[in-house]
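Asker: Would you be able to build a 3D model of this:
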Amino acid sequence: MIERHHYFRLTEPHAKGEARAEVARRTREALAPLPGVLAVTVGLPADEDAEAAWDLTVTVRFASLEDVAKYRADPAHRRFVDEFLAPKIAVKKIWNFVIDG
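Answerer: The predicted structure is shown next:
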């Protein structure tokens with residue numbers, strides 16, 4: 001099992017309140033139905049330290065790294081990232097981890 005962890009610092013108009021909640025909602029809706037995706041979790045900062053570092057976290061679960069590669073190349077994924085998400089991101093960090101169980 002693979003988990004792909006994304007951490008995003010959003011641009012000012014999208015980093016707080018309802019605008020941030022909208023980015024979170026649309027991200028969850030866009031990624032969940034994509035081929036190879038087993039689960040999507042989207043989180044907002046729970047405390048001041050988290051909020052000082054990141055505005056949004058997204059974890060996507062896959063069966064394999066091959067599924068991650070297909071997800072990244074999927075036209076619907078590319079369209080969502082390129083047209084909606086990327087213009088709202090100031091900083092991003094993304095890592096893949098093997099998960100037992």
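Asker: All the strands of this protein, residue numbers only.
Answerer: Applying DSSP state E to the chain gives strands spanning 2-10, 39-43, 56-62, 89-98.
Asker: which one of those has the most crowded surroundings?
Answerer: The highest mean neighbour count among those, using mean count of other Cβ atoms under 10 Å, belongs to strand 56-62: a mean of 20. Backbone N, C-alpha and C define where each C-beta goes, glycine included.
Asker: which other residues reach that strand?
Answerer: Strand 56-62 is contacted by residues 1-8, 10, 20, 23-24, 27, 31, 36-44, 68, 71, 99 when judged by Cβ atoms under 8 Å, 6 or more residues apart in numbering.
Asker: if you set the cut-off to 6 Å instead, what comes out?
Answerer: Residues outside strand 56-62 that contact it (Cβ atoms under 6 Å, 6 or more residues apart in numbering): 2-8, 24, 27, 31, 36-43, 68.
Asker: Could you check the angle that strand makes with strand 89-98?
Answerer: Strand 56-62 runs at 30 degrees relative to strand 89-98, counting by axes from the mean of the first three to the mean of the last three Cα atoms, to 10 degrees.
Asker: How far does strand 56-62 sit from its chain's centre?
Answerer: Centroid displacement of strand 56-62 relative to its chain, using Cα atoms, centre = their mean, to the nearest Å, is 5 Å.
Asker: Can I get it in PDB? Just the C-alpha atoms.
Answerer: Extracted in PDB, the C-alpha atoms of strand 56-62 (Å, rounded to 0.1, in the frame of the first residue of the first chain):
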ATOM      1  CA  LEU A  56      -3.800  22.100   3.600                       C
ATOM      2  CA  THR A  57      -2.800  18.500   3.700                       C
ATOM      3  CA  VAL A  58      -3.900  15.800   1.200                       C
ATOM      4  CA  THR A  59      -3.200  12.100   1.600                       C
ATOM      5  CA  VAL A  60      -4.100   9.800  -1.300                       C
ATOM      6  CA  ARG A  61      -3.900   6.000  -0.800                       C
ATOM      7  CA  PHE A  62      -3.000   3.600  -3.700                       C
END
